[in-house]
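Asks: Pasting a predicted model and its sequence here:
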Amino acid sequence: MSPERPLAERLARLIDSGGPISVADYMALANGHYYATRDPLGAAGDFTTAPEISQMFGELVGLWLADLWARAGSPRDIRYVELGPGRGTLAADALRAMRSAGLEPEVHFVETSPVLRTAQAARVPEAVWHDDLSTLPEGAPLLIVANEFFDALPARQIIAADGGWRERLVVREGERFRPVPGPAIGSATIPVHIRNAPLGTVLETSPASVSIMRQLARLIAASGGAALIVDYGHDRTSAGETLQAVAKHGFSDPWEAPGERDLTVHVDFEALGDAARAEGARVFGPRGQGEWLDAIGIGLRAEALSSAAPDRAKEIERARQRLTSPEEMGTLFKAMAIVATSWPDPAAF
Ligand code: SAH
């Protein structure tokens with residue numbers, strides 16, 4: 001195995017000695033290594049996210065949060081929390097917009113990658129970093145943001161095989177990895193509308209995502225505030241394999257070169273919404289990112305930026321289109337809000 005693929009070697013040894021591993025473990029180890037060893041964002045990297053496309057995205061998120069905060073009575077003690085802040089671009093843009101609206105929150109970042117923590121510190125030096133949600137302070141209301149965070153969390157795959165549903169496990173074949181049907185899964189745990197799906201159907205579930213959403217909702221229910229989740233995925237729990245590997249702005253085989261490509265699955269917004277409701281928080285959406293950005297004023301923001309810098313008008317219009325058009329990020333990407341019962345309804349849902 002080539003030296004530039006150290007994780008593949010470690011995974012091979014793990015499987016040789018301990019037997020096949022779950023798809024969720026494969027994904028967790030691969031992404032843990034991937035994010036710890038690089039900054040994957042932007043034109044020179046592997047993929048580009050909404051805040052890296054245009055400052056309008058972070059600014060509008062900041063204004064949406066500031067509006068909600070103002071209507072909640074402008075509590076002075078308030079915290080901005082971002083999960084997986086990437087390069088810190090969204091936070092920097094959102095914080096600038098929030099300050100212009102009189103909102104100056106304490107800043108907390110949940111981030112595991114040392115490389116990305118360094119990038120975030122360059123843009124938002126005042127942030128306090130956390131490895132996970134368990135160390136977030138309680139007591140003051142929270143304004144939580146997660147953009148393209150949940151799609152990178154580990155998911156299991158369950159496959160309809162001869163004789164019933166089975167958990168997929170990952171085996172090794174030489175230098176390659178491959179999923180195979182493993183132990184039987186009781187059909188009672190499969191959603192009714194999927195239970196009788198044809199042989200070979202794959203169902204993905206992300207216990208890690210559900211657990212994080214429950215923690216978020218619990219914090220919001222206890223301390224007040226809201227969370228905004230933006231990601232690609234479906235409104236309803238549905239069958240179908242969405243696990244994908246992205247490198248250099250293209251799709252590649254998720255079973256090859258683990259740790260060298262970004263592994264993601266589509267987010268199950270129904271499961272996230274159910275998890276939040278179970279903890280006593282209110283859920284709004286999901287709504288298509290395009291509609292949501294239109295409703296909170298991306299058109300006006302684009303006009304204002306263009307008249308301030310007419311030479312950039314084309315580029316600004318192109319960014320607006322990329323973020324909102326149904327053929328690009330407008331429909332597949334969705335926004336969902338989780339709000340405390342003691343807080344007002346959020347705008348644009
Ligand atoms: N939100 C940013 C970056 C998205 S990439 C943007 O929109 O540009 C995913 C981010 O989540 C990265 O910052 C990555 O390091 C972080 N991440 C992935 N898995 C994580 C985990 N289990 N815990 C904390 N952060 C994680």
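Replies: Received it, and whenever you're ready, just let me know what you need.

Asks: what about whichever residue of the chain sits closest to the ligand, how many neighbours?
Replies: Here the residue of the chain nearest the ligand is Gly84; by C-beta to the nearest ligand atom that distance is 2.2 Å. In short, each C-beta sits where N, CA and C put it, glycine included. Look at Gly84: counted by other C-beta atoms under 10 Å, it has 22 neighbours.

Asks: Pull the contacting residues for it.
Replies: Remark: with contacts taken as C-beta atoms under 8 Å, 6 or more residues apart in numbering, Gly84 is in contact with Val110, Glu111, Ala146, Asn147, Glu148, Phe149, Ala152.

Asks: Equivalent analysis for Asp345, please.
Replies: With C-beta under 8 Å, 6+ apart, Asp345 has these contacts: Phe284, Val339.

Asks: Please enumerate the strands of the stretch 1-150 of the chain.
Replies: Residue ranges of the strands in the stretch 1-150 of the chain, as given by DSSP state E, counting those that start in this stretch, are 21-22, 79-83, 106-110, 128-130, 142-147.

Asks: Those into a markdown table, with extra columns for mean pLDDT?
Replies: Below are the strands of the stretch 1-150 of the chain laid out as a markdown table (pLDDT from 0 to 100):
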| stretch | mean pLDDT |
| --- | --- |
| strand 21-22 | 98 |
| strand 79-83 | 98 |
| strand 106-110 | 98 |
| strand 128-130 | 98 |
| strand 142-147 | 98 |
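
Asks: So which of the ones you listed is nearest Ala309?
Replies: Comparing the strands of the stretch 1-150 of the chain against Ala309 with C-beta to C-beta, the closest turns out to be strand 142-147 (24.7 Å).

Asks: could you measure Pro198 against Ile159, distance?
Replies: From Pro198 across to Ile159, the span is 11 Å (C-beta to C-beta, to the nearest Å).

Asks: For these two, indicate the residue with more neighbours.
Replies: Ile159 (22 against 7).

Asks: Name the next helix or strand downstream of the helix or strand hosting the more buried one, please.
Replies: For Ile159, the host element (DSSP states H and E) is strand 156-161. For strand 156-161, the succeeding helix or strand toward the C-terminus, using DSSP H and E, is strand 164-173.

Asks: what residues does that following strand touch?
Replies: Outside strand 164-173, the residues touching it (C-beta under 8 Å, 6+ apart) are 11-12, 15-16, 20-23, 25-26, 156-159, 177-187, 190, 202-203, 255.

Asks: can you rerun that using 6 Å?
Replies: Residues outside strand 164-173 that contact it (C-beta atoms under 6 Å, 6 or more residues apart in numbering) are 12, 15, 20-21, 23, 26, 157-159, 177-185, 187, 190.

Asks: near the ligand, which residues of the stretch 151-300 of the chain show up?
Replies: Ala152 (C-beta under 6 Å from any ligand atom).

Asks: buried stuff in stretch 64-73?
Replies: Residues Trp64, Leu65, Ala66, Asp67, Leu68, Trp69, Ala72 are the ones in stretch 64-73 that count as buried (16 or more other C-beta atoms under 10 Å).

Asks: What's the mean pLDDT across it?
Replies: What stretch 64-73 shows for mean pLDDT is 98.

Asks: before we move on, the earlier item: among the contacts of strand 164-173, which are in helices?
Replies: Residues of the contacts of strand 164-173 located in helices (DSSP state H): Ala12, Ile15, Val23, Tyr26.

Asks: Among those, which pair sits farthest apart?
Replies: Pairwise distances across these (C-beta to C-beta) peak at 16.4 Å, for the pair Ala12 and Val23.

Asks: quick one: which of these two has more around it?
Replies: Neighbours per residue (other C-beta under 10 Å) separate Ala12 from Val23, with Val23 holding more: 27 against 18.

Asks: quick one: terminal-to-terminal distance for stretch 142-153?
Replies: End-to-end distance of stretch 142-153 (C-alpha to C-alpha, to the nearest Å): 22 Å.
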